[in-house]
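# Test case, fold it:
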Amino acid sequence: MGIWARRALQMAQHLSMLHHTALMGTCTKSIAPAFAQQQQTQLLHKLAPPVLQAAHLYQHQQQARFSDARLRTICSSVAARAPSIKPKWDSETAKKALAALSEEPAAFAQGVEVLDSIVKVYTVYSRPDYFLPWQNHPKRESTGTGFVIRDRLILTNAHVVADQTYVTVKRHGSGTKYRADVVGVGHDVDLALLTVEDDDFWTGGDDGAAGSMKPLQLGDVPQLQEQVLVVGYPTGGDNTSITSGVVSRVEVTQYVHAASHLMAIQIDAAINPGNSGGPALRGDVVVGVAFQNLPHADNIGYIIPLPVVRRFLSEVMKYGYYRGFCSLGIVFQTMDNPHLRKALGMTGHQSGVLINRIQPTTSTAKVLQKGDVLLEFDGVPIANDGTVHFRARERIFFTSLNTLKPTGSTVHVKVLRGGRELEYDLQLEPLQTLVPVHKYDQLPSYFIYAGLVFVPLSQPYLHEYGDDWMSNSPRRLVDKALNSLMQKPGQQIIVLSQVLVDDINTGYQQFQNLQVLRVNGVEVLNLAHLKQLIMGTSNHRPSAAAAAAAAAVEPAPAVEDASGLANITASSSSNDAAADVGLPADSSNGASSSANSPAAAVATATMLDTSNSSSEGANSSSKGSSTLPDSMFINDWDNQYIRLELEDDRLIIMERGA
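Got it, this is the predicted structure:
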């Protein structure tokens with residue numbers, strides 16, 4: 001069994017553990033009839049349905065034909081869409097808990113009851129491996145803190161339960177752990193909601209815990225120098241820990257979990273690992289949620305303020321899930337330089353920020369222009385340093401105004417354009433980024449064709465290079481990740497991440513971390529569109545399936561017409577190359593090069609199946625693959641080739657033909 005064949009089998013084994021929803025592609029390798037062995041046959045029964053059907057079909061055909069030494073068998077490649085691991089909506093307990101968000105509690109915890117409403121959270125999690133996207137990193141365990149905010153509803157940090165596979169909680173003074181389910185999560189704001197179905201957890205049961213748990217009351221933003229208590233379960237012990245401090249400042253800072261910039265409160269109370277998700281109290285009232293500290297500094301911690309918490313809860317209550325915080329989708333610079341203000345025709349009483357770039361997919365791009373000076377946001381004047389008035393003698397960055405606005409709300413802005421003041425109304429929506437900053441609770445997307453592994457570029461992919469990923473990862477990909485804006489809805493940067501060496505692609509293993517730009521002169525919109533082009537669909541526009549798959553991986557509006565786009569070119573990483581992919585319009589004996597070929601039809605149908613939710617996709621994919629044609633797996637590749645070339649150190653041509 002060759003190298004690529006063994007890796008394909010390993011991929012299938014990992015897929016069985018991860019329960020991927022699979023799409024069938026094509027790849028080449030001659031494999032001995034090892035699938036006939038009893039041990040591997042048992043393994044096949046555990047695989048995801050599409051892989052199972054492909055393997056059984058392969059086994060039957062291989063046993064019938066393996067005597068032909070010249071035969072080359074196409075084994076099943078996988079293009080797995082990354083289904084979001086959605087909260088558990090199917091239990092009545094979860095629905096009832098979320099419904100409680102709209103109801104004000106009859107009574108709040110007071111005095112010693114406050115400690116009874118604070119719980120310890122135990123999480124088993126497994127992060128995806130983005131270099132080997134068909135497998136996960138080993139499982140690990142972590143702990144955090146949570147507290148009751150409504151009947152049967154616990155608030156904690158999103159990073160406490162990110163990529164979770166199993167979550168349990170334990171009450172203060174109890175020796176029993178209870179299974180908990182995640183019913184809402186907002187990674188951008190680092191908040192999550194849990195519920196527990198077991199009634200004994202809420203009533204105290206027979207394990208010595210106090211009686212029924214009451215929710216904690218949510219307050220407001222504390223004043224500077226106001227004293228707060230941070231309650232939680234930091235590492236170093238099992239019992240509740242209480243630390244005290246004062247509010248040092250309120251400002252926009254980076255939330256480390258998702259690299260978002262939102263309002264946060266700095267305090268000088270100790271916040272250690274395990275404190276995450278615990279309440280910061282002023283008396284019996286919650287004024288924030290502990291979530292991070294400043295490394296290499298003494299007693300500098302941060303808590304999430306209540307305006308951010310309330311917006312998260314209102315989104316979950318309104319939509320049933322968290323959609324994200326709103327953004328104008330602009331890149332701007334401050335106007336501290338007097339010569340810059342003079343050049344733009346600003347008077348002495350005018351102040352604001354200069355708009356440098358606008359993401360074309362936002363509603364802002366329909367109204368504002370590059371070079372506009374944003375003077376006011378919803379009637380609030382913006383200073384030249386980008387700050388706005390917050391409280392007496394306090395200022396905060398103006399982006400905090402739009403991040404706290406409800407999704408879909410309309411705001412009024414005033415800009416300076418060509419010396420004239422203009423006013424517009426803008427509708428705010430969560431920003432869809434070209435390169436996702438995080439992909440928590442999702443399985444990676446990838447497409448393998450003839451041993452070529454294609455993946456969408458994301459920051460988690462670059463994080464695989466280590467803590468110093470900005471220096472260690474390919475510089476071109478880093479630049480795109482940090483500075484590129486989405487030009488079309490559903491757009492992704494597709495990267496040829498590696499080559500799994502085989503006879504069909506030998507000599508090409510140096511081609512890695514190259515951005516794929518075109519296939520046969522048609523610009524690639526996203527991973528689903530790339531698969532559509534490679535599998536041979538004659539229509540160069542992204543199909544509804546491609547749009548749906550892209551939307552499932554990274555939510556975005558409907559895909560625009562891409563029929564007029566240019567060729568596919570790739571830009572590289574380590575050796576500063578770029579790539580162009582070319583495939584013949586049809587092939588006499590290619591497995592899936594024509595839109596009318598059975599394999600292409602099956603590929604399109606499977607893509608449509610997996611655009612559903614993860615559980616539904618698995619069922620529909622199983623049905624779709626039950627009639628897979630022979631041409632999907634068996635073919636003669638003796639007269640086929642794949643050609644990769646570097647052109648001016650900027651272009652790779654990938655071609656399959658006779």
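# pretty sure Gln266 contacts Glu251?
Yes: with contact defined as CB atoms under 8 Å, Gln266 reaches Glu251; the gap is 7.2 Å. C-betas here are computed from N, CA, C, even on glycine.
# Looks to me like His412 is in a helix.
No: His412: not assigned to a helix; according to DSSP: H, G, I helix; E, B strand; the rest coil it is strand.
# how about stretch 115-132: buried residues?
Applying a neighbour-count criterion of 16 or more other CB atoms under 10 Å, one finds 115-123, 125-130, 132 buried in stretch 115-132.
# In terms of helices and strands, where is Ser482?
That one is not Ser; residue 482 is Leu. Secondary structure assignment for Leu482, by DSSP states H and E: helix 475-483.
# got the CA coordinates for that helix in PDB?
Presented in PDB, the C-alpha positions along helix 475-483 are these (Å, rounded to 0.1, in the frame of the first residue of the first chain):
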ATOM      1  CA  ARG A 475       4.500  36.000   5.000                       C
ATOM      2  CA  ARG A 476       2.100  36.400   2.000                       C
ATOM      3  CA  LEU A 477      -0.600  34.400   3.800                       C
ATOM      4  CA  VAL A 478      -0.100  36.500   6.900                       C
ATOM      5  CA  ASP A 479      -0.500  39.700   5.000                       C
ATOM      6  CA  LYS A 480      -3.700  38.500   3.400                       C
ATOM      7  CA  ALA A 481      -5.000  37.300   6.700                       C
ATOM      8  CA  LEU A 482      -4.400  40.600   8.400                       C
ATOM      9  CA  ASN A 483      -5.100  43.100   5.600                       C
END
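# Same question for that helix: list its buried residues.
Across helix 475-483, burial judged by 16+ other CB under 10 Å covers Arg476, Leu477, Val478, Lys480, Ala481.
# JSON lines for the residues you listed, including pLDDT?
Below are the buried residues of helix 475-483 laid out as JSON lines (pLDDT from 0 to 100):
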{"residue": "Arg476", "pLDDT": "88"}
{"residue": "Leu477", "pLDDT": "91"}
{"residue": "Val478", "pLDDT": "92"}
{"residue": "Lys480", "pLDDT": "91"}
{"residue": "Ala481", "pLDDT": "92"}
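# which pair in those residues spans the largest distance?
For those, the farthest-apart pair by CB to CB is Arg476 and Ala481; their separation is 9.7 Å.
# Return the set of buried residues in the longest strand anywhere in the chain.
The longest strand of the chain (DSSP state E) is strand 241-255. Across strand 241-255, burial judged by 16+ other CB under 10 Å covers Ser241, Thr243, Gly245, Val247, Ser248, Val250, Glu251, Val252, Thr253, Tyr255.
# doesn't Val231 make contact with the first one?
Yes: Ser241 lies in contact with Val231 (CB under 8 Å); the separation is 7.4 Å.
# ok now do the closest residue in space to Met335 that isn't next to it in sequence, which residues does it touch?
Counting by CB to CB, 6 or more residues apart in numbering, Asn384 is the residue found nearest to Met335 once chain neighbours are left out, at 4.2 Å. Applying CB atoms under 8 Å, 6 or more residues apart in numbering to Asn384 gives the contacts Thr334, Met335, Asp336, Arg341, Ser351, Gly352, Val353.
# ok, the helix or strand hosting Phe447: who's next to it in the sheet?
Using DSSP H and E, the element containing Phe447 is strand 446-449. Its sheet considered, strand 446-449 pairs with strand 79-80 (antiparallel), strand 452-456 (antiparallel) by DSSP bridges.
# burial count for Glu103?
9 (other CB atoms under 10 Å).
# mind listing the helices in the stretch 151-300 of the chain by residue range?
For the stretch 151-300 of the chain, helices defined by DSSP state H, counting those that start in this stretch occupy the ranges 158-161, 199-203.
# for those, which one ends up most surrounded?
For those, the largest average neighbour count (mean count of other CB atoms under 10 Å) is found in helix 158-161, namely a mean of 26.
# What lies in contact with that helix?
121, 123, 125, 142, 144-146, 167, 182, 185-187, 189-192, 194, 257-258, 276-277, 291, 440.
# 10 Å instead, please
121-123, 125, 142-146, 167, 180-182, 184-194, 255-258, 274, 276-277, 291-292, 312, 322, 438, 440-441 (CB atoms under 10 Å, 6 or more residues apart in numbering).
# just checking, which of those belong to strands?
Using DSSP E, these in strands are 121-123, 125, 142-146, 167, 181-182, 184-186, 191-194, 255, 291-292.
# Wait, His261 touches Ile396, no?
No: the pair His261 / Ile396 is not scored as a contact, 11.4 Å apart, by CB atoms under 10 Å.
# Quickly list what's touching both of those two.
With CB under 10 Å, 6+ apart, His261 and Ile396 have common neighbours Val252.
# Settle it for me: which of these two has more neighbours?
Remark: of His261 and Ile396, Ile396 carries more neighbours, 18 against 14, as counted by other CB under 10 Å.
# Okay, now the unreliable bits of the chain?
Applying pLDDT under 70 to the chain flags residues 1-94, 205-210, 537-658.
# ok, now which ones touch Gln110?
Applying CB under 10 Å, 6+ apart, we find Gln110 in contact with Lys214, Leu216, Gln217, Gly283, Asp284, Val285.
# Enumerate every residue touching Val167.
Counting by CB under 10 Å, 6+ apart, Val167 touches 121-125, 144, 146, 156, 160-161, 177-182, 192, 194, 196.
# if you set the cut-off to 8 Å instead, what comes out?
Counting by CB under 8 Å, 6+ apart, Val167 touches Val121, Tyr122, Thr123, Val124, Val161, Arg179, Ala180, Asp181, Val182, Leu194.
# my read: the third one touches Lys139, true?
No: using CB under 8 Å, Thr123 is not in contact with Lys139, being 10.3 Å away.
# For Glu421, give me phi and psi.
phi -90, psi 130 (degrees, to the nearest 10).
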